[in-house]
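Student: One predicted model, sequence on top.
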Amino acid sequence: MGIGNPHGYPDFTWPMVWVLQDGELWPIEQWVAKQGVEKHWTLDTTQAAGTESYSNLYTVPAGKVLYVVSYMFSSTQEGAFQVESTGVPGIMAFAYHLARSPIFADVRPPAVSGPASVIRVWKRNTGAALASIAAVVRAFELTS
């Protein structure tokens with residue numbers, strides 16, 4: 001336990017000492033972008049009133065591991081949504097939402113999904129009219 005660290009989690013903010021570092025230090029989000037392993041999926045769809053459905057976004061290839069780091073979701077009607085993997089960990093994010101109230105969130109720590117897992121978005125429209133739905137899922141993929 002340290003200053004500003006009441007839960008005993010690793011504290012990478014203070015004090016920080018780097019010894020024998022040969023190159024630049026990059027936060028993970030910038031490093032994966034620089035390495036070209038960052039992934040983005042966008043979903044722009046409609047959902048009938050009182051219905052729910054899945055939209056598959058990506059299947060993790062053999063020998064790879066996917067780390068979901070953030071998502072955005074918005075709808076013209078109220079309802080619920082979740083980002084999930086068909087493998088472990090299953091549900092990565094879930095939220096109820098109001099109409100025209102976008103949700104932006106980071107997944108901390110990143111949700112990890114292994115080879116052959118399908119990343120998908122489940123959405124439910126509980127409103128009284130057709131919903132226009134938009135979602136963005138950000139992740140990075142590394143060799144396992």
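Tutor: Received the coordinates, thanks.
Student: Once you drop chain neighbours, what's closest to P110?
Tutor: Among residues not flanking P110 along the chain, Y67 sits closest, at 3.8 Å (Cβ to Cβ, 6 or more residues apart in numbering). Backbone N, C-alpha and C define where each C-beta goes, glycine included.
Student: and what of A111?
Tutor: Here the nearest residue to A111 in space, its sequence neighbours aside, is M92; by Cβ to Cβ, 6+ apart that works out to 3.8 Å.
Student: That neighbour and S70: what is the separation?
Tutor: 11 Å (Cβ to Cβ, to the nearest Å).
Student: can you list residues touching both of these two?
Tutor: By the contact definition Cβ atoms under 8 Å, 6 or more residues apart in numbering, M92 and S70 are jointly contacted by V107.
Student: element containing the residue nearest to P110?
Tutor: Per DSSP states H and E: Y67 is located in strand 64-75.
Student: After that strand, which helix or strand is next?
Tutor: Immediately after strand 64-75, counting by DSSP H and E, sits strand 79-85.
Student: Can you give me the buried ones in the helix or strand of the chain with the lowest mean pLDDT?
Tutor: Among the helices and strands of the chain, helix 28-35 carries the lowest confidence by mean pLDDT, DSSP states H and E, at a mean of 83. By neighbour count, with 16 or more other Cβ atoms under 10 Å as the criterion, the buried positions of helix 28-35 are V32.
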